[in-house]
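Trainee: Quick one: sequence and predicted model below, then my questions.
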Amino acid sequence: MLKIGILGCGKIAQVRHIPEYADNPNCELVGFFNPTKSRAEDMAAKYGGKAYDSAEELLADPEIDAVSVCAANNAHAELTIKALKAGKHVLCEKPMAISLADCEEMVKVAKEEGKLLMIGQNQRLTNAHKLAKQMIADGEIGKVITFRTSFGHGGPETWSITPGKNTWFFDKTKAAMGAMADLGIHKTDLIQFLLGENVVRTTAKLTTLDKRGADGNLIGVDDNAICIYEMADGVIGTMTASWTYYAAEDNSTVIYGTEGELRIYDDPAHSIVLKKKGGEVKYFDVEQIQTNDNQTKSGIIDLWVDCLLKGEESPISGESVLSAMRAVFASMESSETGKAVDIPANR
């Protein structure tokens, strides 16, 4: 039986990590830490285990085998590295960290300590995305030419554990990035997964168009990110992340090829629509995508626990996510400089 600790007891921990651990018969929740201790105490009362006074105290507990890092973005690297050095395996929420150097250090320390490091890029695990990846590889739409992938909703202020305009997501010192880190990393990682190619060049605009904080001023992080991605094989497409889709959430991807197109989570009635060049249309009702208002099991925890039990590296390892994080940071650079940015390490 694996013994699990939770570092950060906010919304993502409470709706994804903690209940999914509780639902898995091969692990036991034994420890919780949160800067506001009452939140950790609430989780311990509900699920069993102990609320710790500090992250260091939790990590010093020899009973704990692995931890989930569910803290604010700026704490991901520090907590992950401390946990790895304390002999714990680590599942870290996205975005992996707030600098590329931190991401690379996390991977380096995991290797040095002989511990597993996985990142919560759950879009790779949806049945529709896995099926779409296979259909693309099988040539169902011929040679891929271009794509568009989007993730947008009305913003994190209704999702955060402390809802409202004071959410940490709007605080640049804690979040570092806005929609790009919250949503853009998901679709950047996903498009690489679907196409089997890395982003090697980006032209991007990260901007704050509408979202305002409690002081009435525009927030200090981006509420929209629009990127043109060039993949290693020459395919070009767009990735859009937004916190200003106020009417409805959009989590769609469309892949255009020489023989047709594949529309994923683009049709509300069908999770995949395959449109062939000759006019044939096929529907694949695999499953509907999760939304903020409709949370379903992500698959992340079950995969993580399985990897821990087998002692095997996760397919969503920290190292595997580095290429997507490079694209995110390159996009930030592109937006700041107004120039396209090459990513040599992704070639």
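Mentor: It's in.
Trainee: Next, count neighbours for Ile161.
Mentor: Other residues near Ile161 number 17, with proximity taken as other Cβ atoms under 10 Å. The way it works is simple: take the backbone N, C-alpha and C, and place the C-beta from them, glycine included.
Trainee: For it, list the residues it contacts.
Mentor: Cys9, Gly10, Lys11, Gln14, Arg39 (Cβ atoms under 8 Å, 6 or more residues apart in numbering).
Trainee: how about 7 Å then?
Mentor: Contacts for Ile161 (Cβ atoms under 7 Å, 6 or more residues apart in numbering) come out as Gly10, Lys11, Gln14.
Trainee: cool, and Cys92?
Mentor: Val69, His76, Thr80, Leu117, Ile119, Gly120.
Trainee: mind redoing it with 8 Å?
Mentor: Ser68, Val69, His76, Leu79, Thr80, Met106, Leu117, Met118, Ile119, Gly120, Gly318.
Trainee: top of the contacts of Ile161 by neighbour count?
Mentor: Neighbour max across those (other Cβ under 10 Å) = Gly10, 20 neighbours.
Trainee: From Ala179, how far out is the nearest residue to that one once chain neighbours are set aside?
Mentor: The shortest distance from Gly10 to any non-neighbouring residue, by Cβ to Cβ, 6 or more residues apart in numbering, is to Ile161 (4.2 Å). The spacing between Ile161 and Ala179, counted by Cβ to Cβ, to the nearest Å, is 19 Å.
Trainee: cool, Asp222 as well?
Mentor: On the measure of Cβ to Cβ, Asp222 and Ala179 end up 5 Å apart.
Trainee: Please enumerate the shared neighbours of these two.
Mentor: With Cβ under 8 Å, 6+ apart as the test, Asp222 and Ala179 both reach Leu206.
Trainee: Could you tell me how many residues sit around Trp138?
Mentor: Just so we're on the same page, residue 138 is Asp rather than Trp. For Asp138, using other Cβ under 10 Å, the count is 8.
Trainee: so what's Thr238 bridging to?
Mentor: Per DSSP bridges, the residues bridged to Thr238 are Arg148, Ile228.
Trainee: pretty sure it is touching Glu230, no?
Mentor: No: using Cβ atoms under 8 Å, Thr238 is not in contact with Glu230; the gap is 11.0 Å.
Trainee: List the contacts of stretch 17-35.
Mentor: For stretch 17-35, using Cβ under 8 Å, 6+ apart, the contacting residues are 1-10, 40-41, 43-44, 47-55, 57-58, 61, 63-64, 68, 70, 91, 297-298, 300-302, 305, 309.
Trainee: Kindly recompute the last result at 6 Å.
Mentor: With Cβ atoms under 6 Å, 6 or more residues apart in numbering as the test, stretch 17-35 has contacts from 1-7, 9, 40, 43-44, 47, 49-52, 55, 58, 64, 68, 70, 301, 305.
Trainee: swap in stretch 39-56?
Mentor: With Cβ under 6 Å, 6+ apart as the criterion, stretch 39-56 contacts Leu7, Cys9, Ala22, Leu29, Val30, Gly31, Phe32, Phe33, Asn34, Leu58, Leu79.
Trainee: at 7 Å what do you get?
Mentor: 6-7, 9, 18, 22, 29-34, 37, 58, 79, 82.
Trainee: Derive a ChimeraX selection command for the buried subset of those.
Mentor: The buried subset of the contacts of stretch 39-56, as determined by 16 or more other Cβ atoms under 10 Å, is captured in ChimeraX by this line:
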select :6,7,9,18,22,29,30,31,32,33,34,58,79,82
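Trainee: For the contacts of stretch 39-56, work out which two are farthest apart.
Mentor: Of all pairs drawn from the contacts of stretch 39-56, the one with the longest distance (Cβ to Cβ) is Ala22 and Lys82, at 24.7 Å.
Trainee: For Tyr246, give its distance to Asp267.
Mentor: Where Asp267 is concerned, Tyr246 sits at a distance of 21 Å (Cβ to Cβ).
Trainee: Kindly report the same for Leu308.
Mentor: 37 Å.
Trainee: The two: which is more packed in?
Mentor: Leu308 (20 against 13).
Trainee: so that one is in which element?
Mentor: helix 300-310 (DSSP states H and E).
Trainee: What's the first helix or strand after that helix?
Mentor: helix 318-337.
Trainee: any idea of the mean pLDDT in that next one?
Mentor: The average pLDDT within helix 318-337 is 98.
Trainee: Residues contacting stretch 57-71, please?
Mentor: So stretch 57-71 is contacted by 2-8, 10, 12-13, 17, 30-31, 33, 52, 76, 79-80, 82-83, 86, 88-93, 308 (Cβ under 7 Å, 6+ apart).
Trainee: swap in stretch 117-127?
Mentor: Residues contacting stretch 117-127 (Cβ under 7 Å, 6+ apart): 84, 90-94, 96, 106-107, 110, 129, 186, 189-190, 193, 286-287, 289, 298-300, 303-304, 307, 314, 316-318, 321.
Trainee: Now that stretch: buried residues?
Mentor: Buried positions in stretch 117-127, judged by neighbour count with 16+ other Cβ under 10 Å: Leu117, Met118, Ile119, Gly120, Gln121, Asn122, Gln123, Arg124, Leu125, Thr126.
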